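Asker: return a 3D structure for these sequence lines:
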Amino acid sequence: MAAISLTGVSKTFTDGTVAIAGLTLEIGDGELLAVLGPSGCGKSTVLRIVAGLEVPTEGQVAIGDQVVTEVAPGARDLAIVFQDYALYPHLTVFDNMAFPLKAKRMKRRAIDQRVREVAALLGIEALLHRRPRALSGGERQRVAMGRAIVRSPSAFLMDEPLSNLDAKLRVQLRSEIRTLHRELGATFLYVTHDQTEALTIGDRVAVMRRGRLQQVDDPQQVYDFPANLFVAGFIGTPPMNLLLAPVEQEKGHQVARVGNWRFPLPEGVQASEIVVGIRPEHLGVPGFLHGYESSSAQEVTVLETETLGSVSLLHFPIEVRPVLLRDDASSSSFVVGDSPTVVIAAADAQARIAAGSRVAIAADVSRARFFDAQTGAAVGQRRPVSTTPCVKAL
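Answerer: Residues are numbered from 1 along each chain as shown. Below is the predicted model:
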């Protein structure tokens, strides 16, 4: 197995489109790195550059100790699992999996043994005699992964491999890919637009926007300590509430005011206004969620209620300007909207709050995050956010 590193990699297409801009990223030996971002962010281009299917305009790609920037795709010892499976329809599952081994001119007995070993690992032994048209989507994906595994490559590249599957099957295969990674101990580069996949599968998650790396860290830290407004608004379902708040002096301390809520600013942060980020699960109804004090609550009128089993999402307006993500080619990833804004709180469903109700909503102010209103960068983080890749210790 081998580490993968990209140093100063850029890719500009002939029409002038900048797909990747100055990307430096390292995937540790045996690590599963999930590259996450919206459509057009350049994540698939990153995978194709590593695979050798695209040539970078600038920069260097290395696998292990070898620089492979100009090495042909077939000589890089990588296995790719595509979104559309790319199985040969006229071949059986056995022959699809055996194909790369036959290309290496391995002996028939060795091929048979290796294919059956991998089929057992993936639980598809009973499918070896079938052709792809007789398989379900999940079975085809397992066959595609099996064809990649039989080669014992130095690293695996996966380009949105679960996007064609239904929600229940995606959950099952996410777990299987994670287990497979542990058992193989291999290096995985996993590209996805699905944040749930990235957060549940990745040892680390690299978030991209418009060809630029926004943050790379372990999944929980990306969720809890977003490096900027783009990551804060992109990660989370529903996303973090982002509110532009004036800063006031209160008892010798600076606080950001959002209605009745007062968010104490971290020490050393100086601003006249600041963006407050608070996730829906950190807004609640006093008396139903532990840690929410009624003294800090404000009464609101609920516009809409979405019940999701044990949680109800309450949508309500507050007289404050919202911060909205931009999905255009602008260098800025956010724009400030007009007041009022609709805020979302995740309340205990047992509260049974209906649309039109007046209800007190309190905030867990200790869980608020703060961002510079001009640059969008996180400020005063309690846990420093590193955007410098680190190699996972094995």
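
Asker: from now on I want contacts and neighbour counts done on CA atoms only, so please keep to that.
Answerer: OK.

Asker: so in the protein, which helix runs the longest?
Answerer: helix 167-184 (DSSP state H).

Asker: just the CA coordinates of that helix, formatted as PDB?
Answerer: The C-alpha coordinates for helix 167-184 follow below in PDB (Å, rounded to 0.1, in the frame of the first residue of the first chain):
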ATOM      1  CA  ALA A 167     -31.200   5.200   0.500                       C
ATOM      2  CA  LYS A 168     -31.500   1.900   2.400                       C
ATOM      3  CA  LEU A 169     -28.900   0.200   0.300                       C
ATOM      4  CA  ARG A 170     -26.500   3.200   0.600                       C
ATOM      5  CA  VAL A 171     -26.600   2.900   4.400                       C
ATOM      6  CA  GLN A 172     -25.800  -0.800   4.200                       C
ATOM      7  CA  LEU A 173     -23.000  -0.400   1.700                       C
ATOM      8  CA  ARG A 174     -21.500   2.500   3.600                       C
ATOM      9  CA  SER A 175     -21.000   0.200   6.500                       C
ATOM     10  CA  GLU A 176     -19.600  -2.500   4.200                       C
ATOM     11  CA  ILE A 177     -17.000  -0.200   2.600                       C
ATOM     12  CA  ARG A 178     -15.900   0.900   6.100                       C
ATOM     13  CA  THR A 179     -15.500  -2.700   7.100                       C
ATOM     14  CA  LEU A 180     -13.700  -3.500   3.900                       C
ATOM     15  CA  HIS A 181     -11.300  -0.700   4.400                       C
ATOM     16  CA  ARG A 182     -10.400  -1.900   7.800                       C
ATOM     17  CA  GLU A 183      -9.900  -5.500   6.600                       C
ATOM     18  CA  LEU A 184      -7.800  -4.500   3.600                       C
END
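
Asker: show me which positions of it end up buried.
Answerer: Neighbour-count burial for helix 167-184 flags Arg170, Leu173, Arg174, Leu180, His181 (criterion: 16 or more other CA atoms under 10 Å).

Asker: list the residues that contact Val336.
Answerer: Leu244, Arg321, Pro322, Val323, Leu324 (CA atoms under 8 Å, 6 or more residues apart in numbering).

Asker: try it again with 10 Å
Answerer: Applying CA atoms under 10 Å, 6 or more residues apart in numbering to Val336 gives the contacts Leu242, Leu243, Leu244, Val275, Arg321, Pro322, Val323, Leu324, Leu325, Ala373.

Asker: Lys102: which of those is nearest?
Answerer: Of all the contacts of Val336, the one with the least separation from Lys102 (CA to CA) is Leu325, at 49.8 Å.

Asker: shouldn't the closest one be in contact with Ser333?
Answerer: Yes: the criterion here is CA atoms under 10 Å, and Leu325 meets it with Ser333 at 5.7 Å.

Asker: anything in contact with each of those two?
Answerer: Leu229, Phe230, Val231, Gly233.

Asker: those residues into JSON lines, with extra columns for distance to Ile353?
Answerer: As requested, the shared contacts of Leu325 and Ser333 are arranged in JSON lines below (distance: CA to CA, whole Å):
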{"residue": "Leu229", "distance to Ile353": "30"}
{"residue": "Phe230", "distance to Ile353": "31"}
{"residue": "Val231", "distance to Ile353": "31"}
{"residue": "Gly233", "distance to Ile353": "26"}
